[in-house]
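J.: build me a model:
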Amino acid sequence: MRMKLIGIVAASALVGAAVLAQTRGGGSEWLTAQGDAQRTSWIRTDAAISVGAFSSPGFELQWKVKLENQPRHTNGLAQGVTANGVTLFVPLSLVTGSSNNVYSIDNDTGYVVWQRHFDAALPAATAACPGGITAAATRVVPLTPPAPAAGRGGGGGRGAGYRGSVSEPGQGVTVEPRGGGPGRGAPPATPPAAGASGAGAGGAGAAGPPAGGGGRGGAAAAPGIPGAPPGAPSGGFGRPSGVVYVISSDGVLHVLGLPSGKDIQKPAPFLPSNANWSDPVAVNTTLYTATSNRCGDAANGIWAIDLAAEDKPVSSWKTNGGAVVGSLAVGLDGMLIAAIGPGPASAGGYANAIVAVDPKTMQVKDWFTDPGAEFVSTPVIFSHGDKNIVAAATKDGRALLLDASSLGGANHSTPLYASASVAGGAGAFAPGALATWQEMLPDVTAGPGTRWLLVPTANAITALKVVDSGGKPVLQPGWVSRNLVSPVTPLIVNGVVFALSSGRPSATAGATPAELAKRSSPAVLYALNGADGKELWTSGKTMTSFFPGKSFWSATGQVYVGAFDGTLYAFGFAMERK
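T.: Numbers count the residues shown, from 1 in each chain. Down below sits the predicted model:
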């Protein structure tokens, strides 16, 4: 591995000058892919972005920077994760690139503070197994994100900054009282064999629960954040840690310090080399990811690595069937929730299912299965009334709502609700994750407002309302966006929905990068009022390349888009350093 530090002297001057600087954003952060452990893609409150703010002009391109990362098939830049000036005085985005690269980027200016490259052999890239770094970095995230401030979550004006923690130092992670519900403490009756494996990459043994509760949110947090340098803030695991966790293509986990990008712990074997892994998430002292398509001879399954132990033991669970679709979500009770796609399943295996895996034992605790439901999305998890809900999309265009405390009922095949096909036909959903957000009413005593589920279809964003009917949640039509070219999972920032028309070609198998570029159209970003879908702003012809599908996030009052050609764009309202 080699380190490339870009402009060390300039970076030092930048950091020093920034001590007295005014930086943007009011503290909103994006600590893991899709924003939080429940994969909602929702920033609840932001100081700069709101529906009201778009009544005045000024939201526009703030900067762009070309990152020299070679795409691998359609895999290029991943979502960034952010740090708000904890060990540095500037807000940063940490962005992984497919060709074993990591970039630290100043959110205010686009300046590349440092760049890290991992020297590891890369196989030939294919659509199913692109090789290289296949997912984003992550930081430690709170199990439950903070609630939006009353009267601000819906985007009426400029609110206080989003807080990255949910508890005070030393108090551990706060869990909603209703998390888990009845029946979660033990496996359901006669479950199929889970195919659990006690050995992970490199022959490591199964991870016992680390001090402080392992991956479970209900236990007290460990005294400090795993890998954080001496003197870093401790306790309250959503608090800034001063480190970022990155997996290189050889399956090794790196704990990188935010100021320099250097390894501050010994790199640890985690996954088989050249696996295809999903966006990881770190909760308390454990980091989780999933592998798919049997790339690098990695079995389809879920993997966990103990961040607090010196030897970083690894444990895993194999699906013994279909691949994990998208990324893992973490339930409000700490359970790992995964969608399993189609495929032949051996005895005790899973296909076309939603499973809940215990984060300590890596055993299946509950599941929903429907042989006719081919899941195509990362699950998203949210609270509604007295229930915690898991939402997932199927290939035939339906959205399913499941009770997180009993995913499929007594027979493991009964959802709380299954919609008709969205947009009127099979295959209406674009393969990708859903997003969800909730309006907040100006009067705090009136309680929360409408809960929305956003669905990227083949040519639009469809917004569905979650309402009660007969004591159960159902979905009702809300609004549909303008026509978009292969839209991706939208972002919601303080009541504003950011919809991205990716311009991505509909068929990519076997195409060269040059052919993909020729058949595509440039990406276009739109800002919409989340309550009614009204268009507030568009980026127009600003971007010149298509969007391959991953590098789209928001933090510190800006929205970031990483295009196929390696150009990273930042859109927001101007805010000068003073």
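J.: if I look at residue 556, how far off is residue 350?
T.: In this view, residue 556 and residue 350 are 40 Å apart by CB to CB, to the nearest Å. Where you see a C-beta, it was placed from the backbone N, CA and C, and this is true even at glycine.
J.: give me the more crowded residue out of those two.
T.: More neighbours surround residue 556 than the other of residue 556 and residue 350, with 32 against 27 (other CB atoms under 10 Å).
J.: from what I see, that one and residue 80 are in contact.
T.: No - assessed by CB atoms under 8 Å, residue 556 is found out of contact with residue 80, at 10.8 Å.
J.: point out where the stretch 451-578 of the chain drops to low pLDDT.
T.: For the stretch 451-578 of the chain, residues meeting the criterion pLDDT under 70 lie at 507-510, 513, 576-578.
J.: hey, where'd the helices end up in it?
T.: Counting by DSSP state H, counting those that start in this stretch, the stretch 451-578 of the chain has helices at residues 513-519.
J.: equivalent analysis for the stretch 1-150 of the chain, please.
T.: For the stretch 1-150 of the chain, the helices defined by DSSP H, counting those that start in this stretch occupy 8-17.
J.: now the strands for it?
T.: Counting by DSSP state E, counting those that start in this stretch, the stretch 1-150 of the chain has strands at residues 2-4, 42-43, 59-66, 77-84, 91-97, 101-106, 112-117, 140-141.
J.: one more: the stretch 251-400 of the chain?
T.: Under DSSP E, counting those that start in this stretch, the stretch 251-400 of the chain gives strands at 252-257, 268-269, 281-283, 286-291, 301-306, 314-318, 324-330, 336-340, 353-357, 364-369, 380-384, 387-393, 399-403.
J.: out of the ones you listed, flag the one nearest residue 531.
T.: Closest of the strands of the stretch 251-400 of the chain to residue 531 is strand 380-384, at 17.2 Å (criterion: CB to CB).
J.: report all helices and strands that the closest one contacts.
T.: strand 324-330, strand 387-393, strand 435-440, strand 448-456 (3 or more CB pairs under 8 Å, 6 or more residues apart in numbering; DSSP states H and E).
J.: okay, the ones you listed in JSON lines with mean neighbour count and distance to residue 57 next?
T.: Shown next, in JSON lines, are the helices and strands packed on strand 380-384 (neighbours: other CB atoms under 10 Å; distance: least, CB to CB, whole Å):
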{"stretch": "strand 324-330", "mean neighbour count": "26", "distance to residue 57": "36"}
{"stretch": "strand 387-393", "mean neighbour count": "26", "distance to residue 57": "36"}
{"stretch": "strand 435-440", "mean neighbour count": "24", "distance to residue 57": "25"}
{"stretch": "strand 448-456", "mean neighbour count": "22", "distance to residue 57": "26"}
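J.: would you mind putting these into CSV with distance to residue 269 alongside?
T.: Shown next, in CSV, are those (distance: least, CB to CB, whole Å):
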stretch, distance to residue 269
strand 324-330, 20
strand 387-393, 32
strand 435-440, 34
strand 448-456, 36
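J.: follow-up on the earlier one: what would the strands of the stretch 251-400 of the chain look like in a markdown table with mean pLDDT and distance to residue 411?
T.: Output for those, formatted as a markdown table (pLDDT from 0 to 100; distance: least, CB to CB, whole Å):
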| stretch | mean pLDDT | distance to residue 411 |
| --- | --- | --- |
| strand 252-257 | 96 | 39 |
| strand 268-269 | 97 | 41 |
| strand 281-283 | 96 | 30 |
| strand 286-291 | 98 | 26 |
| strand 301-306 | 98 | 24 |
| strand 314-318 | 97 | 23 |
| strand 324-330 | 96 | 23 |
| strand 336-340 | 97 | 18 |
| strand 353-357 | 98 | 13 |
| strand 364-369 | 97 | 10 |
| strand 380-384 | 95 | 22 |
| strand 387-393 | 95 | 17 |
| strand 399-403 | 96 | 13 |
